[in-house]
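Peer 1: Give me the fold of what follows.
(one chain, ligands or ions: 1)
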Amino acid sequence: MARHCIKCEVLLTDTNWYTPSRNNKDYKCKTCIRKKETKANKLQLYINGKYISRKDPLYNMFKPGNYKTLGDATFFNSKLSAIQEGYVYIISNRSWPHWVKIGMAIDAEDRLNSYQTSSPYRDYVLEHRVFSSDRRASEQEAHTKASAICIGRANEWFELSVREAITILDNLNEHGHSGTPTEADTHTEEDNIQGSLF
Ligand SMILES: [Zn+2]
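Peer 2: Numbers count the residues shown, from 1 in each chain. Next up is the predicted model:
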């Protein structure tokens, strides 16, 4: 006897009807089941890979989504996340010579400070930063350019000299602004702006 999906009324066949559905006399086609799952997934909240149930007080604090950390969840649910401007920065650490981190943040010094808390030596160095009217686009551009010339790469860390990384940041197109050209040419390997923090 011909059966039809109770949602969309399509004729249920071998190809559009899951076997478990058939066995359970569940008259819903694959498309309708997938739609329902997608809808349910859109309401799920994950933080740091952990599933947050609707009974958890955290659930109502954030829009559903998959956040890397609680800090990320807080950030992406705040007005701050709407800010496009910010900085693309270069951070180094003497423990990993010849490697630099290229990242973006609304405030580069604030980002450096959070790095320092993870090191007993407070030995991260903010080598350089440039302002961008679209920090995400500028970071993407910097990563693409760094990827093309680096020896190795691990996420946002590149095996690259500080000088090469500075050149990339000083030559970002439309969104990036490294200041006046004369200023941009004065950098040396030793030039870092960490001193201004303390
Ligand atoms: Zn259907």
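
Peer 1: mean confidence score for the helix or strand containing I91?
Peer 2: For I91, the host element (DSSP states H and E) is strand 86-93. Mean pLDDT, strand 86-93: 97.

Peer 1: After it, which helix or strand is next?
Peer 2: Next along from strand 86-93, by DSSP H and E: strand 99-105.

Peer 1: Between strand 86-93 and that following strand, find me the angle.
Peer 2: Using axes from the mean of the first three to the mean of the last three CA atoms, to 10 degrees, the direction of strand 99-105 lies 150 degrees away from that of strand 86-93.

Peer 1: same question for strand 99-105, mean pLDDT?
Peer 2: So the average pLDDT for strand 99-105 ends up being 97.

Peer 1: do the same with stretch 71-82
Peer 2: Confidence for stretch 71-82, expressed as mean pLDDT, is 92.

Peer 1: tell me how far the ends of it are from each other?
Peer 2: End-to-end distance for stretch 71-82: 16 Å, by CA to CA, to the nearest Å.

Peer 1: Going by neighbour count, list what's buried in the biggest helix by length in the chain.
Peer 2: Taking DSSP state H as the criterion, the chain has its longest helix at helix 135-149. Residues of helix 135-149 classed as buried: 135, 137-139, 141-143, 145-146 (neighbour count, 16 or more other CB atoms under 10 Å). (Each C-beta comes from the backbone N, C-alpha and C, glycine too.)

Peer 1: Then stretch 90-103?
Peer 2: Within stretch 90-103, the residues scored as buried using 16+ other CB under 10 Å are 90-93, 99-103.

Peer 1: quick revisit: strands paired with the strand holding I91, and their directions?
Peer 2: Using DSSP bridges, strand 86-93 pairs in its sheet with strand 99-105 (antiparallel), strand 124-132 (antiparallel).

Peer 1: next one: the first one to chain centre, how far?
Peer 2: Averaging C-alpha coordinates over strand 99-105 and over its chain gives two centres that are 12 Å apart (CA atoms, centre = their mean, to the nearest Å).

Peer 1: and if you look at the last one?
Peer 2: For strand 124-132, the distance from its own C-alpha centre to the chain's C-alpha centre is 18 Å (CA atoms, centre = their mean).

Peer 1: OK, contacts around R153?
Peer 2: When contacts are counted by CB atoms under 8 Å, 6 or more residues apart in numbering, R153 touches 146-147, 159.

Peer 1: how far away is it from the ion?
Peer 2: 45 Å (CB to the ion, to the nearest Å).

Peer 1: which parts of the chain sit against the ion?
Peer 2: Taking CB under 5 Å from the ion as the criterion, the chain approaches the ion at residues 5, 7-8, 29, 32.

Peer 1: care to break the chain down by domain?
Peer 2: Segmentation of the chain into domains, based on automatic domain parsing, reads 45-80, 84-192.

Peer 1: Same question for the shortest one: list its buried residues.
Peer 2: Under the neighbour-count criterion of 16+ other CB under 10 Å, domain 45-80 has 45, 47, 52, 62, 67, 72-73 buried.
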